[in-house]
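Undergrad: give me coordinates for this.
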Amino acid sequence: MATAKFDPAPAELLGCRRCPRLVHWREQVARVKRRAYLECEYWGRPLPGFGDPEAPVCLVGLAPGAHGANRTGRMFTGDASGAFLFPSLHRCGFADRPEGTGRDDGLRLHGLWITSALRCVPPDNLPTGEELRHCRDWLARDLDGLRRLCVIVGMGRIGHDAVLDLMVSRGAPLVKLRHRFAHGAQSELPDGTLLLDTYHVSFRNTNSGRLTPGMLDAVLLRARELAGLPPP
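TA: Residues are numbered from 1 along each chain as shown. Predicted coordinates:
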């Protein structure tokens, strides 16, 4: 999808205030902190993507966590979702360590870029359709900036749908009903990019056993294989 090197954290993104509900919520969460993080300075702004800019694989999640990414300033970092995701990324050869604690922890991703459908934490983890449309340009910027991109992992239905909606908005001959979300599903998009699905690494999914480490590993290893990356 891409041609040129890109800046994943432009000033326009970091200063975005386009969605009043999201601006109010992200800043309120940053002020009224969880007791365990009273001494922490919360990020409280839109989140940029992060990872390997030469990655052939991109993981598209839902949105920052209220006291995770909205606190630390890096996606999937600092909460239960990240505590489940990063060990899997490490086992599957995408991360150089099995945990992430903050923007300056030295964690490096290899062959993988992480982004999300929404860049600000939504109340109750439920974005509106309008908010997702407002954020679509930022998702496009990340995907377009990955010049080697050939595999997208849609994490959860919202991440999956965000990718499809972006392509439809660009006039792609795509029928969404032919690309239904299902854990482990694989489909080819009109531009040749492959879309893989996994349940989201939310605490609800992982605590209930709906998503197990083995299930996530299998999807990530399949993504490596499809992208032509060597086994971990």
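Undergrad: in the lengthiest helix in the chain, what counts as buried?
TA: Using DSSP state H, we find that the single longest helix of the chain is helix 129-145. Going by neighbour count (16 or more other C-beta atoms under 10 Å), the buried part of helix 129-145 is 131-132, 134-136, 138-139, 141-143, 145. (Each C-beta comes from the backbone N, C-alpha and C, glycine too.)
Undergrad: cool, stretch 22-32 as well?
TA: Taking 16+ other C-beta under 10 Å as the criterion, stretch 22-32 shows 22-23, 25-27, 29-30 as buried.
Undergrad: cool, stretch 166-184 as well?
TA: By 16+ other C-beta under 10 Å, the buried positions in stretch 166-184 come out as 166-167, 174, 179, 181, 183.
Undergrad: any chance of those in a markdown table with pLDDT as columns?
TA: Formatted as a markdown table, the buried residues of stretch 166-184 follow (pLDDT from 0 to 100):
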| residue | pLDDT |
| --- | --- |
| Leu166 | 97 |
| Met167 | 96 |
| Leu174 | 88 |
| His179 | 94 |
| Phe181 | 97 |
| His183 | 99 |
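Undergrad: average pLDDT across stretch 140-152?
TA: Average pLDDT, stretch 140-152: 97.
Undergrad: what about that stretch, how long is it end to end?
TA: 13 Å (C-alpha to C-alpha, to the nearest Å).
Undergrad: now swap in stretch 169-182 and tell me
TA: End-to-end for stretch 169-182, by C-alpha to C-alpha: 22 Å.
Undergrad: which intervals of this structure have sub-threshold pLDDT?
TA: 1-6 (pLDDT under 70).
Undergrad: partners of the next helix or strand after the longest helix of the chain in the sheet?
TA: Scanning forward in sequence from helix 129-145 by DSSP states H and E, the next helix or strand is strand 151-155. Strands that pair with strand 151-155, judged by DSSP bridges, come out as strand 57-61 (parallel), strand 194-198 (parallel).
Undergrad: for the nearest residue to Ala172 once chain neighbours are set aside, give me its contacts.
TA: In this structure, Ala172 finds its nearest non-sequential neighbour in Pro190, 4.5 Å apart by C-beta to C-beta, 6 or more residues apart in numbering. Pro190 is in contact with 167, 172-174, counting by C-beta atoms under 8 Å, 6 or more residues apart in numbering.
Undergrad: for those, give me JSON lines that also has secondary structure.
TA: Listed next are these as JSON lines, based on DSSP: H, G, I helix; E, B strand; the rest coil:
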{"residue": "Met167", "secondary structure": "helix"}
{"residue": "Ala172", "secondary structure": "coil"}
{"residue": "Pro173", "secondary structure": "coil"}
{"residue": "Leu174", "secondary structure": "coil"}
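Undergrad: out of these, what pair is the most spread apart?
TA: Farthest-apart pair in the contacts of Pro190 is Met167 and Pro173; separation 9.3 Å (C-beta to C-beta).
Undergrad: my read: Leu22 touches Cys120, true?
TA: Yes. Here Leu22 lies in contact with Cys120, judged by C-beta atoms under 8 Å, at a distance of 4.0 Å.
Undergrad: as JSON lines, the contacts of Pro190 with distance to Ser208 would be great.
TA: Shown next, in JSON lines, are those (distance: C-beta to C-beta, whole Å):
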{"residue": "Met167", "distance to Ser208": "31"}
{"residue": "Ala172", "distance to Ser208": "35"}
{"residue": "Pro173", "distance to Ser208": "38"}
{"residue": "Leu174", "distance to Ser208": "32"}
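Undergrad: now flag whichever of those residues is closest to Leu149.
TA: Distances from Leu149 to the contacts of Pro190, taken by C-beta to C-beta, are shortest for Met167, at 13.0 Å.
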